[in-house]
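Peer 1: Turn this into a structure:
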Amino acid sequence: MITRAVIIDDEKSARIALRSKLEKNCPEVDILLDSDDLQVCIKIINESRPELIFLDIEMPEMSGFDFLEKLDNYKGEVVFVTAYNQFAIEAFKVLAFGYLLKPVSSKLLVELIDKLKSKTNIITDDFQFQKRIEELVLTRDQGIKKIAIPVANGYKFVSIDEIIRLEGASKYTIIHGKNLNLTSSKNIGYFNENLPSGKFFATHKSHTVNISCISDYNTEGEILLTNGTSVPLSRRRKSAFLNFFSKY
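Peer 2: Modelled structure (predicted):
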């Protein structure tokens, strides 16, 4: 399947490099336009409805976030091409946006395109897409506050501080919170990879906890949580757990 794409970046050299790598390595991607003229890009996207946008974030006329808010009910995919730091990248991941770091690696570019081709849970709902953008802008301004949790009919945006623990159940994950009980369509490995580092700890292959909700650890190998529940601490993760808390 041919994927129509638009490349938007104020750096001409970056656009040329990305176009060249796509043409060489991803022939299924048809590049409609590469430009730094944001008004022209808005017009082309609204008229042509490409499936994919490669978007720089820091541009002189407006930010990539502001650019997305000006689109007319865009329903495709967005890949941020950025030199942003790891903190911001975590936001892209938890809000289900693709990203590539500059300079773009051909290998990672191919992997990303392959991932997008095989993606089955693409959000096409106008409200959900706009909400993702709003959450991303909030994250940029205030730091990571929420995580997008994939559920059966889309995404739930949940405050990270609300999550007490996560419990793996086969291919699903149960998220337990202060006023929250959700079952996600993603396995626990997805959350271990995407939750902010330093705030959550995987105590067991099926259990991850919010470290701010830990109240006790007993010699029987159990971690007690502030809501009165407990989770096991696997023998092989005991050393990492104790080392983690020795920093505080």
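Peer 1: Assumed Y155 was part of a strand.
Peer 2: Yes. Note on Y155: a strand contains this position according to DSSP: H, G, I helix; E, B strand; the rest coil.
Peer 1: Flag the shaky bits of this structure, pLDDT-wise.
Peer 2: 1-2, 84-97, 119-130, 132-145, 197, 246-248 (pLDDT under 70).
Peer 1: tell me the contacts of V79?
Peer 2: L52, I53, F54, L55, F97, G98, Y99, L100, L112, L116 (Cβ atoms under 8 Å, 6 or more residues apart in numbering). From N, CA and C alone the C-beta is placed, and that goes for glycine too.
Peer 1: Among these, which one lies nearest to N227?
Peer 2: F97 (31.7 Å; Cβ to Cβ).
Peer 1: Go through stretch 106-121 and flag the buried ones.
Peer 2: The neighbour-count check on stretch 106-121 (16 or more other Cβ atoms under 10 Å) flags L109, L112, I113, L116 as buried.
Peer 1: From those, pick the one nearest V209.
Peer 2: Distances from V209 to the buried residues of stretch 106-121, taken by Cβ to Cβ, are shortest for L112, at 31.2 Å.
Peer 1: which residues does the closest residue to I174 other than its chain neighbours form a beta bridge with?
Peer 2: Excluding the flanking residues, the one nearest I174 by Cβ to Cβ, 6 or more residues apart in numbering is E167, at 4.5 Å. With DSSP bridges applied, E167 shows beta-bridge pairing to I174, H207.
Peer 1: does E167 really touch S184, like I thought?
Peer 2: No. Contact criterion Cβ atoms under 8 Å: E167 and S184 do not qualify, at 10.6 Å.
Peer 1: Of these two, which one has the most company?
Peer 2: Neighbours around E167 and S184, counted as other Cβ atoms under 10 Å, are more numerous at S184. The numbers are 21 against 18.
Peer 1: ok, the closest residue to that one other than its chain neighbours - contacts?
Peer 2: Excluding its sequence neighbours, the residue lying closest to S184 (Cβ to Cβ, 6+ apart) is T173, at 4.6 Å. Taking Cβ under 8 Å, 6+ apart, we find T173 in contact with L166, E167, T183, S184, K186, N187, I188, Y190, F191.
Peer 1: of these, closest to K205?
Peer 2: Nearest to K205 among the contacts of T173, with distances taken as Cβ to Cβ, is I188, at 7.9 Å.
Peer 1: Now the phi/psi pair for that closest one, please.
Peer 2: Dihedral pair for I188: phi -70, psi -30, per degrees, to the nearest 10.
Peer 1: So V104, which state does it fall into?
Peer 2: Quick answer, by three-state DSSP: V104 is coil.
Peer 1: tally of neighbours for the residue lying closest to it once chain neighbours are set aside?
Peer 2: Leaving out its chain neighbours, the residue that sits closest to V104 by Cβ to Cβ, 6+ apart is L18, at 5.7 Å. For L18, the count of nearby residues is 25 (other Cβ under 10 Å).
Peer 1: mind checking which helix or strand L18 is in?
Peer 2: Assigned by DSSP states H and E, L18 belongs to helix 12-25.
Peer 1: Note down every partner strand of the helix or strand just after that helix and its orientation.
Peer 2: Heading C-terminal from helix 12-25, the first helix or strand you meet, by DSSP H and E, is strand 29-35. If you go by DSSP bridges, strand 29-35 pairs up with strand 3-8 (parallel).
Peer 1: Please identify the buried residues of the strand it pairs with?
Peer 2: Quick answer for strand 3-8 (16+ other Cβ under 10 Å): T3, A5, V6, I7, I8.
Peer 1: That strand to helix 12-25, inter-axis angle?
Peer 2: Using axes from the mean of the first three to the mean of the last three Cα atoms, to 10 degrees, the inter-axis angle of strand 3-8 relative to helix 12-25 is 160 degrees.
Peer 1: what's next to strand 3-8, contact-wise?
Peer 2: Residues contacting strand 3-8 (Cβ under 8 Å, 6+ apart): 15, 18-19, 22, 28-36, 38, 41, 44-45, 48, 50-56, 59, 64, 67, 113, 116-117.
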